[in-house]
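1. okay, sequence plus prediction incoming.
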Amino acid sequence: MSRDVFIVSNSTDELGGVTAWTHQTARLFTEHGHRVHVIGVHASDRKMALPERPPYPVTALYPAHPPTPWAPCGLRDRFRVPARRREAARAAAQRQAVGRLSQLFAAARPRAVVLVTQVWAMEWVGQADTAGARVIGMSHESYAYSRASHRYRWIKNHYKDLDHWLVLTQEDADQWAGEGMNNVGFLPNALSRLPAQPSPRTARTVVSIGRLSDQKGIDLLLDAWALLAPHRPDWRLRVYGAGEDEDELKARCTALGLDGSVEWMGCTDDVDGALADASVFVQSSRGEGFPLALLEAMAAGLPCAAFDCAPGVREIVREGEDGLLAPAGDVAALADRLLRLTGNPRLRDAMGDRARSGVQRFSEPEVLRRWEELFALLER
């Protein structure tokens, strides 16, 4: 049954996993006959490479990140005329953006679905006219990571009255249900592709793929590599990604004496090629949801060493079977897992083969089937 599906995110082109998920899901829904419109609150400065002509419309409500709301603090602030004028202009621009959203939603066919991938975007969707549509909110991070941030309050405020909202694992859903969020369910991310051939796992290379930001824990990875490098002088760590912490991380790498064994690869449009040239994948995040990079690495036949930082990570990686998990933030333990994988080719091959086979349980057809079941349920 064809539906109009609006996928609304903070941005439609910002470098990161949510953007990758957004366009993967838009493509999947479009191929299944739905009419999809991808909407971002703003266009991003740090862009992800996207298909030149996606088979669905893509709209940004603002050309750049909108300004933060301003409120006077004390009597003196009330007389700051320039600040008050800027706030008035900001509020007017937001009303205009909300009006544009309402127009898009109003033009949809009956049974439309508005899928909001990030809670900040709900600031706009929540003010728009969504009459006649089902609104589904999402969180792409674990309960624990949201609980420790300002997004916890936003979720409690904005998601409790939606038709439905989704997290990525049963464990996270149970945590939110325990807080009285009775409209919560779960649905994992889908594996976007399975390379025709797995990595040969012959290169003495460990690879990391992700934003160079605090969440991804590349600083922790460098500390772990400093423990491993003296024992594996012929191995290299390749770090793919860009982000606000790039200069600081490179300085840390130099201070640790790792410039000879760490290669900064920047962003890549060829993830399959990056994985094919590696033998081990490492993920050092402080917090995650259901990481696509981990799915892709395992599909390439790479055994993974990762911090057990979220239910989604331990649902993807089956400890001791297709990868090795370390306690979240435990640098020495992560170094130990990497030492085991880099030092034992038979272990690498066995775990890599099982990873490639096992990760297919998150195939696109299976995840799409669950989406269709949810859409039908919300229409009852």
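-> Ah, there it is.
2. and the strands in this protein?
-> 4-11, 35-42, 58-62, 113-116, 134-138, 164-167, 184-186, 205-209, 236-240, 262-266, 280-283, 304-308, 323-327 (DSSP state E).
3. nearest approach to Tyr152 belongs to which of these?
-> strand 164-167 (12.7 Å; C-beta to C-beta). Bear in mind the C-beta positions are built from the backbone N, C-alpha and C, glycine included.
4. and for Glu364, the neighbour number?
-> For Glu364, the count of nearby residues is 18 (other C-beta atoms under 10 Å).
5. show me this protein divided up by domain.
-> Here the domain parsing of the chain from automatic domain parsing is 4-190+363-379, 205-362.
6. JSON lines for those, including mean pLDDT and distance to Gln197?
-> Shown next, in JSON lines, are those (pLDDT from 0 to 100; distance: least, C-beta to C-beta, whole Å):
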{"stretch": "domain 4-190+363-379", "mean pLDDT": "91", "distance to Gln197": "18"}
{"stretch": "domain 205-362", "mean pLDDT": "96", "distance to Gln197": "8"}
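7. ok so, going back, who wins for proximity to Leu341 among the strands of the chain?
-> For Leu341, the closest of the strands of the chain is strand 280-283, at 4.8 Å, according to C-beta to C-beta.
8. picking up where we left off before, most tightly packed of the strands of the chain?
-> Looking across these with neighbours counted as mean count of other C-beta atoms under 10 Å, the highest average goes to strand 280-283: a mean of 27.
9. and it, what does it pack onto?
-> On a contact count with 3 or more C-beta pairs under 8 Å, 6 or more residues apart in numbering; DSSP states H and E, strand 280-283 meets strand 205-209, helix 292-299, strand 304-308, helix 331-343.
10. tell me which residues are up against it.
-> Strand 280-283 has contacts (C-beta atoms under 8 Å, 6 or more residues apart in numbering) with 205-210, 221, 237, 275, 291, 293-294, 297-298, 300, 302-307, 313, 334, 338, 341-342, 348.
11. and if you look at stretch 229-240?
-> 204-210, 212, 218, 221, 225, 228, 258, 261-268, 274, 277-278, 282, 339, 342-343.
12. leaving out chain neighbours, which residue sits closest to Gly40?
-> Thr12 (3.5 Å; C-beta to C-beta, 6 or more residues apart in numbering).
13. surely that neighbour and Ala43 touch.
-> Yes: Thr12 lies in contact with Ala43 (C-beta atoms under 8 Å); the separation is 7.5 Å.
14. okay, and the common contacts of the two?
-> Ala60.
15. okay, these two: which has more neighbours?
-> Thr12 (26 against 17).
16. hey, where'd the helices end up in the chain?
-> 17-31, 81-106, 122-125, 143-147, 151-158, 170-177, 218-228, 246-255, 271-276, 292-299, 311-316, 331-343, 345-358, 364-379 (DSSP state H).
17. buried sites along the longest one?
-> Pointing back at helix 81-106 there. Residues of helix 81-106 classed as buried: 87, 94, 97-98, 101-102, 104-105 (neighbour count, 16 or more other C-beta atoms under 10 Å).
18. the residue nearest to Gly40 and Ala20, how far apart?
-> Counting by C-beta to C-beta, to the nearest Å, the separation of Thr12 from Ala20 is 11 Å.
19. one more: Pro67?
-> 27 Å.
20. between the two, which one's more packed in?
-> Higher neighbour count among Pro67 and Ala20: Ala20, with 18 against 13, using other C-beta under 10 Å.
21. how about the more buried one: what's its closest non-neighbour residue?
-> Nearest one to Ala20, counting by C-beta to C-beta, 6+ apart, is Leu292 at 5.6 Å.
22. got the contact list for that neighbour?
-> Here Leu292 is in contact with 17, 20-21, 24, 189, 192 (criterion: C-beta under 8 Å, 6+ apart).
23. what does Arg100 give?
-> Leu61 are the contacts of Arg100 under C-beta under 8 Å, 6+ apart.
24. so what would you say the end-to-end distance of stretch 112-128 is?
-> One end of stretch 112-128 to the other measures 14 Å (C-alpha to C-alpha, to the nearest Å).
25. kindly report the same for stretch 137-155.
-> Stretch 137-155: ends 9 Å apart by C-alpha to C-alpha.
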